[in-house]
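Undergrad: what follows is a predicted protein model with its sequence.
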Amino acid sequence: MASPTALISETQAWKDLKGHVEDINKTHLRDLMSDAHRCESMMLEFEGLLLDYSRQRATVETMDKLLNLAKAAHLSEKISRMFNGEHINSTENRSVLHVALRAPKDAVIKADGKNVVPEVWNVLDKIKDFSEKIRSGSWVGATGKPLKDVIAIGIGGSFLGPLFVHTALQTDPEAAECAKGRQLRFLANIDPVDVARNINGLNPETTLVVVVSKTFTTAETMLNARTLRNWITTALGAPAVAKHMVAVSTNLALVEKFGIDPNNAFAFWDWVGGRYSVCSAVGVLPLSLQYGFSVVEKFLKGASSIDQHFQSTPFEKNIPVLLGLLSVWNVSFLGYPARVSMESNGKGVSIDGLPLPFETGEIDFGEPGTNGQHSFYQLIHQGRVIPCDFIGTVKSQQPVYLEGEVVSNHDELMSNFFAQPDALAYGKTPEQLQKENVSENLIPHKTFSGNRPSLSLLLPELSAYNVGQLLAIYEHRVAVQGFVWGINSFDQWGVELGKVLATQVRKQLHSSRTQGAAPEGFNYSTTTLLKRYLE
Ligand code: F6P
């Protein structure tokens, strides 16, 4: 291993890539795409999932150099250390083992010398049992009615991952069938308007509230939990909490203090990062209540298949590794600041605390279907260069064939999936426009430089299994980027600063409201705004 304080940017492999940028700047994707041999080498398949990264601004030589960078960064050792449960989240002195959440029952994955897989499966079995009781109506609410609606309260990783999977599963016919007659809603934001939206049309008698919080201290989640507890107890009396509220947390003592029976709590562990928690009870409980455990189990199996692929496939055929290396290439060498497509990258210091002379993260954004085309695609075609990930499916699970139409609605959608990457790569030249008799004054407006990188992921369909695979690919991509950059992808101290400041403001609001105290200790701007707010 290199000395712990060596920055990756000091290695020869990094310097080689820096020098190589000049070569790549002399190429255009139009030409690179005409090399069939290159394109063939940039496609790979795993369990019917096809990755095409030929529209990246990279050559075979670039890929070799990136693989050298992976070696210089000791990527292989770092991946093994993660799977072996070493405390790679060093600033919090924790293992990073979200892969154990979806491991088969007979797998052995150790944290601090102890196999954690049996504990994982205890909780999964408890979720299976509980969700079956709720779904079958054998568990009823305080007034004897079955609980058909669920509100999951949580924020950040205790919300976004479950929401993503819920959104995807809604299109899966098997999942949709299992969800018939049931509703799953998510309450994250602290805005009282969101509480109102969540309970709108729901009856406390038939609603189960799941409080999801790793720490069980997050201000927004705890306030929303108290608000919905009030909603339930006002309608049904205090004892109703036992039937209408359950919790997911690593902090079972606080769950009990809040008033939720520990038997109705579903545990997870500190080796699961908040942003990597969707495969724990955080996601599995609400999703199993909505879709049934067997559907969610398929999602877990999909994620596990990618874990095994990530752990054991040589880097040149390893999907998350290649995606991670290409992201490093785009951010740190080509200087692209964003990507159209979960994470805790974006650090200013290395894992050893040294300031970094390079950027370690991109701003991700995206849209489903052609919605993006009708909003921000002008920017990505002619304005800033933003590498894109296009994700499509071979089969639609809700196909529509209009009478008399040969091309299905899914074909229409996918036409855009195939066309946009080429439009970005090739662009359009003034010469082409002249040949098309475009008037001279419009030529500059219709000229597109092209040479804009993208990659395409074609999945067989959006089944629960494939959704699990997709999730794991993106989780591991983040880890690969972090491992190469030499940062900790699993802590998030940056998020804390705003929280601490909000706590100070909250204290001020409390003393102003109770004692009429004038705001103090804030800058001119904040003091003025606070005074106006308090008036
Ligand atoms: O502030 C960010 C964060 O700590 C996330 O990592 C986490 O998912 C979220 O807040 C919610 O935290 P908790 O699950 O402890 O309520």
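TA: Nice, I can see it.

Undergrad: ok, now how distant is Leu402 from the ligand?
TA: Distance of Leu402 to the ligand, given as C-beta to the nearest ligand atom, to the nearest Å: 43 Å. (Each C-beta comes from the backbone N, C-alpha and C, glycine too.)

Undergrad: which other helices and strands does the helix or strand that contains Ile306 contact?
TA: If you go by DSSP states H and E, Ile306 is part of helix 293-312. Secondary-structure packing of helix 293-312 (3 or more C-beta pairs under 8 Å, 6 or more residues apart in numbering; DSSP states H and E): helix 75-83, helix 117-136, helix 160-169, helix 173-178, helix 281-291, helix 319-328, helix 464-485.

Undergrad: change it to 6 Å
TA: If contacts are counted by 3 or more C-beta pairs under 6 Å, 6 or more residues apart in numbering; DSSP states H and E, helix 293-312 sits against helix 281-291, helix 464-485.

Undergrad: now what about the first one, what contacts it?
TA: Residues outside helix 281-291 that contact it (C-beta atoms under 6 Å, 6 or more residues apart in numbering) are 123, 127, 131, 134, 150, 152, 158, 161-162, 165, 169, 175, 178-179, 182, 184, 210, 212, 248, 266, 268, 296.

Undergrad: for the last one, same thing?
TA: When contacts are taken as C-beta under 6 Å, 6+ apart, the neighbours of helix 464-485 outside the stretch itself are 73, 75, 78, 165, 168, 172, 295, 298-299, 301-303, 306-307, 310, 319-321, 323-324, 327-328, 343, 345, 360, 459, 489.

Undergrad: just the buried members of those?
TA: Buried members of the contacts of helix 464-485, counted by 16 or more other C-beta atoms under 10 Å: 73, 75, 78, 165, 168, 172, 295, 298-299, 302-303, 306-307, 310, 319-321, 323-324, 327-328, 343, 345, 360, 459, 489.

Undergrad: confirm Arg185 sits in a strand?
TA: Yes: Arg185 sits within a strand when classified using DSSP: H, G, I helix; E, B strand; the rest coil.

Undergrad: so it sits right up against Ile151, yeah?
TA: Yes: between Arg185 and Ile151 there is a contact under C-beta atoms under 6 Å: 5.0 Å.

Undergrad: tell me which element the residue in the stretch 351-500 of the chain that the ligand sits nearest to falls in.
TA: Distances between the stretch 351-500 of the chain and the ligand by C-beta to the nearest ligand atom are smallest at Val495, namely 4.1 Å. Here Val495, judged by DSSP H and E, is contained in helix 494-515.

Undergrad: in this protein, which helix or strand is least confident?
TA: For the chain, using mean pLDDT, DSSP states H and E, the weakest element among its helices and strands is strand 338-340, scoring a mean of 78.

Undergrad: and this structure, which of its residues are near the ligand?
TA: 155-158, 213-215, 218, 221, 274-275, 492, 495 (C-beta under 6 Å from any ligand atom).

Undergrad: and those, which of them are buried?
TA: Counted by 16+ other C-beta under 10 Å, those give Ile155, Gly156, Gly157, Ser158, Ser213, Lys214, Thr218, Thr221, Gly274, Arg275, Gln492 as buried.

Undergrad: mind showing which ranges of this structure have poor pLDDT?
TA: 1-5, 340-344 (pLDDT under 70).

Undergrad: apply 80 and report the result again.
TA: Filtered on pLDDT under 80, the chain yields the residue ranges 1-5, 340-345.

Undergrad: taking the stretch 1-150 of the chain, what residue is nearest to the ligand?
TA: Glu92 (11.3 Å).

Undergrad: the closest residue to that residue other than its chain neighbours: neighbour count?
TA: The shortest distance from Glu92 to any non-neighbouring residue, by C-beta to C-beta, 6 or more residues apart in numbering, is to Asp491 (5.4 Å). Residues lying near Asp491 (other C-beta atoms under 10 Å) number 19.

Undergrad: hang on, Val248 packs against Phe266?
TA: Yes: Val248 is within contact range of Phe266, at 4.8 Å (criterion: C-beta under 6 Å).

Undergrad: now stretch 238-255 - C-alpha only, CSV.
TA: What follows is stretch 238-255, C-alpha atoms only, in CSV (Å, rounded to 0.1, in the frame of the first residue of the first chain):
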residue,chain,number,x,y,z
ALA,A,238,-54.0,7.0,23.5
PRO,A,239,-53.9,3.2,23.6
ALA,A,240,-54.4,3.2,19.8
VAL,A,241,-50.7,3.9,19.3
ALA,A,242,-50.0,0.2,20.1
LYS,A,243,-52.0,-0.8,17.0
HIS,A,244,-51.4,2.1,14.7
MET,A,245,-47.7,3.0,15.1
VAL,A,246,-44.6,1.0,14.5
ALA,A,247,-41.0,2.0,14.0
VAL,A,248,-37.8,1.2,12.1
SER,A,249,-34.6,2.3,13.9
THR,A,250,-31.1,1.4,15.2
ASN,A,251,-32.1,3.2,18.5
LEU,A,252,-34.7,0.9,20.1
ALA,A,253,-34.4,2.6,23.5
LEU,A,254,-35.7,5.9,22.0
VAL,A,255,-38.4,4.1,20.1
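
Undergrad: report the buried residues of it.
TA: For stretch 238-255, by 16+ other C-beta under 10 Å, it's 240-241, 243-251, 254-255.

Undergrad: what's the answer for stretch 91-108, then?
TA: Arg94, Ser95, Val96, Leu97, His98, Val99, Ala100, Leu101, Arg102, Ala103, Ala107.

Undergrad: how far off centre is the host helix or strand of Arg532?
TA: If you go by DSSP H and E, Arg532 is part of helix 524-534. Here the centre of helix 524-534 is set off from its chain's centre by 36 Å, with C-alpha atoms, centre = their mean, to the nearest Å.

Undergrad: make 11 the starting number, not 1.
TA: Fine by me, first position is 11 from now on; the one you just mentioned is helix 534-544.

Undergrad: I would like the residues contacting that helix, please.
TA: Against helix 534-544 from outside (C-beta under 6 Å, 6+ apart): Ser522, Pro529.

Undergrad: now do it against helix 504-525, angle only.
TA: Computed by axes from the mean of the first three to the mean of the last three C-alpha atoms, to 10 degrees, the angle separating helix 534-544 from helix 504-525 equals 50 degrees.

Undergrad: can you redo the helices and strands packed on helix 303-322 as CSV with mean neighbour count and distance to Leu366?
TA: CSV is the format used below for the helices and strands packed on helix 303-322 (neighbours: other C-beta atoms under 10 Å; distance: least, C-beta to C-beta, whole Å):
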stretch, mean neighbour count, distance to Leu366
helix 291-301, 28, 31
helix 474-495, 25, 7
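
Undergrad: pull out the buried positions in the helix holding Arg542.
TA: Buried, per 16+ other C-beta under 10 Å, within helix 534-544: Leu540.

Undergrad: helices of the stretch 311-460 of the chain, start to end?
TA: Using DSSP state H, counting those that start in this stretch, the helices of the stretch 311-460 of the chain run over residues 329-338, 387-392, 419-436, 440-445, 453-456.

Undergrad: can you say which of the ones you listed is packed in most?
TA: Most buried of those by mean neighbour count (mean count of other C-beta atoms under 10 Å) is helix 329-338; its value is a mean of 25.

Undergrad: now do that one: everything it contacts.
TA: Leu61, Gln66, Leu76, Phe320, Phe325, Ile483, His486, Arg487, Val490, Gln491, Val494.

Undergrad: farthest-separated two in the residues you listed?
TA: Largest separation among the contacts of helix 329-338 by C-beta to C-beta: Gln66 and Phe320, giving 19.7 Å.

Undergrad: nearest residue to whichever residue of the stretch 211-360 of the chain sits closest to the ligand other than its sequence neighbours?
TA: Of all residues in the stretch 211-360 of the chain, Gly284 sits closest to the ligand, at 2.7 Å by C-beta to the nearest ligand atom. Distances taken as C-beta to C-beta, 6+ apart place Gly167 nearest to Gly284, at 3.6 Å, with adjacent residues excluded.

Undergrad: alright, that wraps it up for me.
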